[in-house]
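Asks: After the sequence you'll find the predicted model.
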Amino acid sequence: MICMKKILITGANGQLGSEISFLSKEYDHQFHFTDYEELDITNCEEIEIFVEKHNIDFIVNCAAYTAVDRAESDYITSDNVNFLAVKNLLSTSSKYKLPLIHISTDYVFDGKGYKPYATDDSRNPINVYGLTKKKGEDLILKSDLDNLMLIRTSWVYSDIGNNFVKTMLRLGAEKESIKVIEDQVGTPTYARDLAKFILDSIPKINWNGVKIFHFTNEGVCSWFDFAKAIMEIKGYNCKVLPISTEDYPTPAKRPNYSVLDKRETRSFYEKEIPYWRDSLEKCLKLL
Ligand SMILES: NC(=O)C1=CN([C@@H]2O[C@H](COP(=O)(O)OP(=O)(O)OC[C@H]3O[C@@H](n4cnc5c(N)ncnc54)[C@H](OP(=O)(O)O)[C@@H]3O)[C@@H](O)[C@H]2O)C=CC1
Ligand SMILES: Cc1cn([C@H]2C[C@H](O)[C@@H](COP(=O)(O)OP(=O)(O)O[C@H]3O[C@@H](C)C(=O)[C@@H](O)[C@H]3O)O2)c(=O)[nH]c1=O
């Protein structure tokens, strides 16, 4: 039986929110897409008013502060959106008994691991973005509410918004060569694949407490491999040169290894998760 829900999507103009919006026509729910302008999730009262007005019965939080380097000098905004706003959403979930899907990141791990991070591995963020996302996670993990789903993902891209793929396309069109880090390894995730996983998960959420899932595309690569694949698929002549982390200083540190273990997700999802390069080809057709 299909159970139509009234679903609030926050941060809906971002990469993930836009892909959920794109796919939403295939799903039999009533969606309310909101972003900062319409619903600022750092304001608890605004959330409650919205939920009451639209009789919301499910929340998917796609809003976040995702500017990793900028966060190093803007702790307050990062903390407000990635931590305090999660407190507001949980308080609203608690008051109106609403299931909540919240998204987190591979950057909660320190990257010193050597095998894919399990959902319950210890977290030790090495940058402000990761720290504030961990604080948001902690609220979810310590909550006594039911029907909470925490999804960690990594290296998200889509044809909209700011992301590594679009940066590479811009540089690839401008430059003869670029240098890209090869000693940071993880897995890219096409936002559309993640959006589908989220939409398919909604009817399955009926559990006590919180469950954590890792969702990325399949496979493993370095940023260098990722950049090389982008240039190859687009047929750009720009040469991609491998460099090490120390040769590309950035305000925020990034984990060296952030592959996420998806065993629980594979058995929960029961659908094949696309291989990263196959999804990259699909996305690049739109760019
Ligand atoms: N992008 C990535 O590589 C990864 C993302 N994630 C996580 O996945 C989730 C989705 O990320 P993604 O779609 O890429 O993020 P985006 O940055 O593309 O989108 C986030 C959206 O949230 C909005 N937003 C910011 N502050 C508020 C606020 N106070 N109230 C309401 N909306 C707000 C942003 O608006 P504005 O742009 O105006 O600030 C933006 O539209 C996030 O939780 C992120 O941490 C996890 C791993 C990797
Ligand atoms: C532009 C560029 C980047 N790089 C490196 C820097 C960095 O280590 C890596 C990726 O750079 P970006 O700044 O695009 O990616 P970054 O903002 O670190 O991406 C992260 O975003 C947040 C939101 C997440 O949650 C993470 O999962 C991850 O996707 O590539 C190069 O080596 N050469 C280049 O020319």
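Replies: Cool, the structure landed. Residues are numbered from 1 along each chain as shown. Ligands and ions are numbered 1, 2, ... in the order given.

Asks: Between its first and last residues, how far does stretch 104-121 reach?
Replies: Start to finish, the residues bounding stretch 104-121 are 14 Å apart (C-alpha to C-alpha, to the nearest Å).

Asks: residues of that stretch that come out buried?
Replies: Ser104, Thr105, Asp106, Tyr107, Val108, Phe109, Asp110, Gly111, Gly113, Pro116, Tyr117, Thr119 (16 or more other C-beta atoms under 10 Å). Any C-beta I mention is one placed from the backbone N, CA and C, and that applies to glycine too.

Asks: would you list those residues in TSV and tack on pLDDT, distance to ligand 2 and secondary structure?
Replies: Supplementary listing: the buried residues of stretch 104-121 in TSV, determined by pLDDT from 0 to 100; distance: C-beta to the nearest ligand atom, whole Å; DSSP: H, G, I helix; E, B strand; the rest coil:
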residue	pLDDT	distance to ligand 2	secondary structure
Ser104	99	8	strand
Thr105	99	3	strand
Asp106	98	5	helix
Tyr107	98	5	helix
Val108	99	9	helix
Phe109	98	10	coil
Asp110	98	14	coil
Gly111	98	11	coil
Gly113	97	15	coil
Pro116	98	14	coil
Tyr117	98	12	strand
Thr119	98	16	coil
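
Asks: Point out the residues in the stretch 151-287 of the chain that sit beside ligand 2.
Replies: With C-beta under 6 Å from any ligand atom as the criterion, the stretch 151-287 of the chain meets ligand 2 at residues 154-156, 164, 167, 171, 178-181, 184, 223, 248, 250, 254.

Asks: shouldn't Gly219 be in contact with Ser279?
Replies: No - contact criterion C-beta atoms under 8 Å: Gly219 and Ser279 do not qualify, at 9.8 Å.

Asks: And those two? Which one has more around it.
Replies: When neighbours are counted by other C-beta atoms under 10 Å, Ser279 comes out ahead of the other of Gly219 and Ser279, with 21 against 16.

Asks: ok so the more buried one is a helix residue?
Replies: Yes - assigned with DSSP: H, G, I helix; E, B strand; the rest coil, Ser279 falls within a helix.

Asks: quick one, what contacts Ser93?
Replies: Counting by C-beta atoms under 8 Å, 6 or more residues apart in numbering, Ser93 touches Ile59, Pro99, Leu100, Leu145, Leu148.

Asks: List the buried residues of the helix or strand harbouring it.
Replies: Following DSSP states H and E, one finds Ser93 within helix 85-96. Of the residues in helix 85-96, those buried by neighbour count under the rule 16+ other C-beta under 10 Å are Ala85, Val86, Lys87, Asn88, Leu89, Leu90, Ser91, Thr92, Ser93.

Asks: Grab the nearest non-local neighbour of the second one.
Replies: Counting by C-beta to C-beta, 6 or more residues apart in numbering, Val86 lies nearest to Gly136, which is 4.0 Å off, once chain neighbours are set aside.

Asks: The one you found is in contact with Ile103, isn't it?
Replies: No - shown here, Gly136 and Ile103 do not form a contact pair, counting by C-beta under 8 Å, at 9.4 Å.

Asks: neighbour-wise, which of those two wins?
Replies: Neighbour count, other C-beta under 10 Å: between Gly136 and Ile103, Gly136 has more, with 28 against 22.

Asks: give me the residue from the stretch 1-150 of the chain nearest ligand 1.
Replies: Residue nearest to ligand 1 within the stretch 1-150 of the chain (C-beta to the nearest ligand atom): Gly14, separated by 1.9 Å.

Asks: Do a quick rundown of the helices in the stretch 1-150 of the chain.
Replies: 15-23, 44-54, 68-71, 75-79, 85-96, 128-142 (DSSP state H, counting those that start in this stretch).

Asks: those strands in this structure, which residues are they?
Replies: When secondary structure is read from DSSP state E, the chain shows strands at 6-10, 30-33, 58-61, 100-105, 148-153, 156-157, 177-181, 185-186, 189-190, 210-214, 221-222, 239-243.

Asks: closest one to Ser24 among these?
Replies: Taking C-beta to C-beta as the criterion, Ser24 comes closest to strand 30-33 out of the strands of the chain, the separation being 4.8 Å.
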